[in-house]
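Enquirer: Output the structure for:
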Amino acid sequence: MSRFVNVNGRYINTDLVRSFHIMEDGSLRAVLFNDFVSVPGSKVEEAIRDLRGERHIIQVFPTAQPLYAVYKAEGEYFAELVSYLALCADGEIRGLEWREGWFDIISENENCEGLYPEDQLAQFPGLEKGANSK
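Expert: Below you'll find the predicted structure:
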């Protein structure tokens, strides 16, 4: 199935992308079958994530066992239960948070340390007694 992504204001079919690479000036050049698209340096990271499919969810499924997203804020760790996972177009499985009627991919949050089962939370100071230790 084709995926269309907005690359610098132009929707392109990812099936038509032959390659993409960063130029010497820091811009991105996506080579299509019969054309190319350039992306300025300030938008390169977002364009690469979209081209790879990191934020394109293919399927959502419940976790087989309780998982926790561990966050670090102001030097302290805290954990939130993750009940759903997503298979993304790039083949990665990412945790999802349910926020006010929509899913948010956990790995997009800068202060997220990762996903862990409850028996591995003790490695984080303050979470030695599990997710609800605070």
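Enquirer: backbone phi and psi for residue 52, please?
Expert: The phi/psi pair for residue 52 (degrees, to the nearest 10) reads phi -70, psi -20.
Enquirer: Over to the one 5 residues further on?
Expert: Here is the backbone geometry of residue 57 (degrees, to the nearest 10): phi -80, psi 130.
Enquirer: for the protein, what spans make up the strands?
Expert: Ranges of strands in the chain, per DSSP state E, are 4-7, 10-13, 17-22, 28-32, 36-39, 57-73, 76-88, 93-99, 102-105, 112-117.
Enquirer: okay, and for this structure, where does confidence drop off?
Expert: 1, 107-109, 129-134 (pLDDT under 70).
Enquirer: Count the neighbours of residue 110 for me.
Expert: A count of nearby residues for residue 110, using other Cβ atoms under 10 Å, gives 7. The C-beta positions use only the backbone N, C-alpha and C, and glycine is treated the same way.
Enquirer: Can we start the residue count at 236 from this point?
Expert: New numbering, starting at 236: the last item is residue 345.
Enquirer: Relative to residue 321, how far out is it?
Expert: 19 Å (Cβ to Cβ, to the nearest Å).
Enquirer: same check, this time on residue 282
Expert: 21 Å.
Enquirer: between the strands of the chain, which one is nearest to residue 361?
Expert: strand 311-323 (5.0 Å; Cβ to Cβ).
Enquirer: In the closest one, which residues are buried?
Expert: If you call a residue buried by 16 or more other Cβ atoms under 10 Å, then strand 311-323 has these buried ones: 312-314, 317, 319-321, 323.
Enquirer: Which of those residues sits closest to residue 256?
Expert: Checking those against residue 256 with Cβ to Cβ, the nearest one is residue 323 at 22.1 Å.
Enquirer: Give the bridge partners for the residue found closest to residue 285 once you drop the neighbours it is linked to in the chain, please.
Expert: The shortest distance from residue 285 to any non-neighbouring residue, by Cβ to Cβ, 6 or more residues apart in numbering, is to residue 240 (4.2 Å). Counting by DSSP bridges, residue 240 is bridged to residue 247.
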